[in-house]
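Q: Build me a model:
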Amino acid sequence: MENSAFGPAGANADLECTIYVAAPSRDRLLEWLAAALNVSLGPDRVISYGCVEVEWEHNDYEGTGADVEFLDWHSLLVCQPRRNASTTAVVSDTATVLEAVREAGYRAVPVCDYEVLLQKPGAGLRPA
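A: Model (predicted):
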C-alpha cells in the first residue's frame, strides 16, 4: 500500500484481515463494495473505509482443489488497518465490509486473529 498511514506496523500488525470471497470479477466486486459503503473507489482500485483500507488480490490457491472450499475461491479482500487505529474500530469497520459483501449475496469467509468477532449470530455462507 502506498499510503504509509495504512498497513502492518507496530501494535496494529496483527489486525490485518483477509476475506475470501466467491466472486469471479475484481472490478464488479470492488465497484459494488465501494457503492455499498458509500465511498469512492480509488484510481488504484483501493477502498478506504473508516480505519481500514481494502484491496483486492487474486487467491493463489484457486484451482488447487483445496480441502476447504473457501480456499478455492477466486477473490481476496485484504483489509489493512490504519496505524494507531483502535482494535475496536478496526474490528467494527472490517465487520461492516464483510457484512456488505455478504448482503450482496457473495459467500465470504474472514481469516484473521479476530474472525470470531466478525461473525453475527446465525450468519452463514450465501450462494455466489
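
Q: okay, now the residue nearest to residue 18 when sequence neighbours are not counted: neighbour count?
A: In space, and not counting its chain neighbours, residue 18 is closest to residue 111: 4.9 Å by Cβ to Cβ, 6 or more residues apart in numbering. For glycine as for every other residue, the C-beta is placed from the backbone atoms N, C-alpha and C. Residues near residue 111, counting by other Cβ atoms under 10 Å, number 12.

Q: go on, residue 82?
A: Look at residue 82: counted by other Cβ under 10 Å, it has 21 neighbours.

Q: Contacts only, for the nearest residue to it once chain neighbours are set aside.
A: Taking Cβ to Cβ, 6+ apart, and ignoring the residues beside it in sequence, residue 82 has residue 51 as its nearest neighbour in space, at 4.3 Å. Residue 51 sits next to 81-82, 85-86, 89-90, 93 when contact means Cβ atoms under 8 Å, 6 or more residues apart in numbering.

Q: Quick one: low-confidence residue ranges for the protein.
A: Within the chain, the segments meeting pLDDT under 70 span 1-13, 120-128.

Q: ranges for the helices of it?
A: For the chain, the helices identified by DSSP state H occupy 26-37, 87-103, 115-118, in order along the chain.

Q: Is it possible to get JSON lines of the ones you listed that adds mean neighbour count and distance to residue 47?
A: Converted to JSON lines, the helices of the chain look like this (neighbours: other Cβ atoms under 10 Å; distance: least, Cβ to Cβ, whole Å):
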{"stretch": "helix 26-37", "mean neighbour count": "16", "distance to residue 47": "5"}
{"stretch": "helix 87-103", "mean neighbour count": "19", "distance to residue 47": "8"}
{"stretch": "helix 115-118", "mean neighbour count": "15", "distance to residue 47": "17"}
